[in-house]
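J.: quick one, what's the 3D model for this:
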Amino acid sequence: MLKKVFASAVFGVEASTITVEVNVDKGIGYHLVGLPDNAIKESNYRIAAALQNNGYKIPGKKITINMAPADLRKEGSAYDLTLAIGILAASSQIKAENLENYLIMGELSLDGSLQPIKGALPIAVKAREEGFKGFILPSQNVKEAAIVSDLKVYGVDNIKQVIDFFDKGEHIEQTIIDTRKEFYKSLDFPEFDFADVKGQESIKRCMEIAAAGGHNIILIGPPGAGKTMLAKRLPSILPPMTLHEALETTKIHSVVGRVKENTGLMAQRPFRSPHHTISDVALVGGGQYPQPGEISMAHNGVLFLDELPEFKRTVLEVMRQPLEDREVTISRAKFTVTYPSSFMLVASMNPSPGGYFNDPDAPVTSSPAEMQRYLSKISGPLLDRIDIHIEVTPVPFEKLSDESKSETSVDIRKRVMAAREIQTQRFKELEKVHYNAQMNTKQIRKYCKLDEASKELLKTAMERLNLSARAYDRILKVARTIADIEGVKAVGGNHISEAIQYRSLDREGWLG
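T.: Numbering: from 1, shown residues only. A predicted model of the protein is given here:
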């Protein structure tokens with residue numbers, strides 16, 4: 001007897017429906033075809049034990065299972081439940097008249113209980129698109145899948161529930177989530193707040209500008225100056241994610257199984273901080289069966305690279321194209337996947353191998369030549385994509401012991417959101433530009449026009465400070481953001497002069 005059961009495979013951040021055809025006939029044997037990987041090939045042992053422990057069995061007949069389309073590679077253990085229900089239905093151990101209306105996924109334990117799966121959200125989206133009546137999956141993933149409207153989602157803990165659902169018509173509680181209510185309820189404030197940071201007012205100002213314009217930023221300073229502390233608080237002043245951004249972000253995290261158990265939509269912007277020993281594949285994504293890397297996990301959020309010169313040069317160089325295109329494409333012989341990677345890069349570094357500036361009073365001194373050699377580990381093209389360079393100096397005791405409250409992230413975020421709203425209106429006609437950091441040269445010339453006095457100021461600064469040519473556009477972008485924070489239409493001299501200060505690494509002789 002032939003039965004068809006439906007499952008799904010995830011490629012990139014999209015899912016494809018898999019038809020599992022189970023045929024039970026005279027003879028002996030168990031044949032699983034359709035390009036399954038080892039985890040799927042081993043499923044017959046898990047299925048046999050799970051059925052045995054729940055009063056059923058794999059029939060002693062010839063079982064042929066085809067996973068169509070047969071030329072598409074299937075991987076993972078999430079097909080266990082699909083195969084088990086197919087075998088029971090094809091061997092007439094259970095009635096399953098409406099099996100074709102449901103998409104079924106889940107990994108089986110030997111006692112029949114279910115383990116969570118990866119990619120529940122993109123699978124649910126595909127199930128709704130293809131007109132399935134319902135989606136049956138492990139209860140650990142049910143909230144993640146239930147954010148998809150117009151699809152009945154059933155979370156189960158054991159295979160026996162699924163068997164009784166089809167065979168005896170027993171009720172399984174449908175999970176219903178009000179996506180918008182869930183999203184706005186989750187917009188609670190992050191645990192890190194700028195009010196905790198003593199002093200460093202100029203750096204906080206830099207962070208505000210970076211958040212308002214979506215600019216990449218690098219912090220240069222000695223150990224203990226507060227670089228990591230400041231970077232961790234950047235997401236707290238970024239504008240809240242839109243519902244669309246939250247869905248997009250959750251989808252990526254769902255693919256790698258990183259959505260927290262019993263959590264639906266991700267409402268907080270991601271903050272990713274990989275260690276400097278990371279490989280280039282782990283950073284940008286890839287592998288034999290491509291998975292998202294750290295830059296895609298940071299999509300719509302912040303990627304923090306601590307101790308930037310300690311990262312392997314090859315790792316940093318592969319980041320150049322995704323920084324520009326805001327997506328990463330991974331190609332293999334038979335297919336290509338594209339992962340979104342629109343993130344804010346925040347990097348930090350010590351100014352020298354010893355960790356301190358060229359200062360005779362520093363605990364460990366380094367010569368200007370040693371410092372230059374250390375800084376040269378970061379390539380010019382990568383620095384070219386970082387708009388703001390700022391020096392972070394240690395906080396004096398008077399500031400550390402000051403009991404007065406600093407400005408909170410809530411107050412800073414209000415100004416950031418107001419500046420972002422100005423940019424949204426400015427770029428509403430442009431499809432791929434949403435904030436100042438995304439402007440190209442043509443748009444910079446249009447939206448960052450200078451009067452004669454401002455032009456003269458910028459010319460003088462570039463000549464005196466020996467600023468590189470690439471600093472010109474970056475200064476204009478940052479100046480435009482500073483003007484937006486102040487709510488001013490035209491970029492003025494004061495905006496230009498402040499933006500010039502944020503190009504430390506372009507100034508010759510800044511090391512002293």
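
J.: could I get the buried residue list for stretch 317-335?
T.: Neighbour counts over stretch 317-335 (16 or more other Cβ atoms under 10 Å) mark Val318, Met319, Pro322, Leu323, Val328, Ile330 as buried. All C-beta spots, glycine's among them, are computed from the backbone N, C-alpha and C.

J.: doesn't Ile217 make contact with Ala347?
T.: Yes - between Ala347 and Ile217 there is a contact under Cβ atoms under 8 Å: 7.5 Å.

J.: spit out the residues that contact these two alike.
T.: Ile386 (Cβ atoms under 8 Å, 6 or more residues apart in numbering).

J.: low pLDDT regions in the stretch 401-512 of the chain?
T.: Along the stretch 401-512 of the chain, segments meeting pLDDT under 70 span 506-512.

J.: let's see that with 80 instead.
T.: 401-405, 466-470, 504-512 (pLDDT under 80).

J.: got the domain boundaries for the chain?
T.: The chain breaks down by automatic domain parsing into domains covering 2-177, 194-506.

J.: least reliable of the ones you listed going by mean pLDDT?
T.: In terms of mean pLDDT, the lowest-scoring of these is domain 194-506 (a mean of 88).

J.: run the chain-centre distance for it.
T.: Relative to its parent chain, domain 194-506 has a centroid offset of 16 Å by Cα atoms, centre = their mean, to the nearest Å.

J.: center of the chain - which residue?
T.: Met297 (2.3 Å; Cα atoms, centre = their mean).

J.: and the closest residue in space to that one that isn't next to it in sequence, what are its bridge partners?
T.: Among residues not flanking Met297 along the chain, Arg272 sits closest, at 5.2 Å (Cβ to Cβ, 6 or more residues apart in numbering). Applying DSSP bridges to Arg272 yields these beta-bridge partners: Leu303.

J.: can you give me the neighbour number for Ala267?
T.: Close neighbours of Ala267, defined as other Cβ atoms under 10 Å, add up to 20.

J.: secondary structure of it: a helix, I assume?
T.: No - using DSSP: H, G, I helix; E, B strand; the rest coil, the assignment for Ala267 is coil, not a helix.

J.: quick one: the residue nearest to the centre of the chain from Ser236, how far?
T.: 19 Å (Cβ to Cβ, to the nearest Å).

J.: with Lys4 instead?
T.: On the measure of Cβ to Cβ, Lys4 and Ser236 end up 50 Å apart.

J.: between the two, which one's more packed in?
T.: Ser236 (23 against 15).

J.: surely that one meets Phe194?
T.: Yes - Ser236 is within contact range of Phe194, at 6.8 Å (criterion: Cβ under 8 Å).

J.: identify the contacts common to the two.
T.: Ser409.

J.: could you pull out the strands for the stretch 201-350 of the chain?
T.: Using DSSP state E, counting those that start in this stretch, the strands of the stretch 201-350 of the chain run over residues 217-220, 271-272, 285-286, 291-292, 302-305, 327-331, 336-340, 344-349.

J.: which strands and helices lie in contact with the second one?
T.: Contacting strand 271-272 under the criterion 3 or more Cβ pairs under 8 Å, 6 or more residues apart in numbering; DSSP states H and E are the following elements: strand 302-305.

J.: could you do the third one as well?
T.: The elements that strand 285-286 packs onto, with contact taken as 3+ Cβ pairs under 8 Å, 6+ apart, are strand 327-331.

J.: try the last one
T.: Under the contact criterion of 3+ Cβ pairs under 8 Å, 6+ apart, strand 344-349 touches helix 201-213, strand 217-220, helix 227-232, strand 302-305.

J.: how about the CA coordinates for the longest strand seen in the chain, as PDB?
T.: Longest strand in the chain, counting residues (DSSP state E): strand 14-25. The C-alpha coordinates for strand 14-25 follow below in PDB (Å, rounded to 0.1, in the frame of the first residue of the first chain):
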ATOM      1  CA  GLU A  14      13.700  29.500   2.300                       C
ATOM      2  CA  ALA A  15      12.000  26.100   2.600                       C
ATOM      3  CA  SER A  16      11.000  23.500  -0.100                       C
ATOM      4  CA  THR A  17       8.300  20.900   0.400                       C
ATOM      5  CA  ILE A  18       9.400  17.300   0.400                       C
ATOM      6  CA  THR A  19       7.000  14.500  -0.500                       C
ATOM      7  CA  VAL A  20       7.800  11.300   1.400                       C
ATOM      8  CA  GLU A  21       6.300   8.300  -0.500                       C
ATOM      9  CA  VAL A  22       6.100   5.100   1.600                       C
ATOM     10  CA  ASN A  23       5.300   1.800  -0.100                       C
ATOM     11  CA  VAL A  24       4.800  -1.400   1.900                       C
ATOM     12  CA  ASP A  25       4.700  -4.600  -0.300                       C
END
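
J.: alright, that wraps it up for me.
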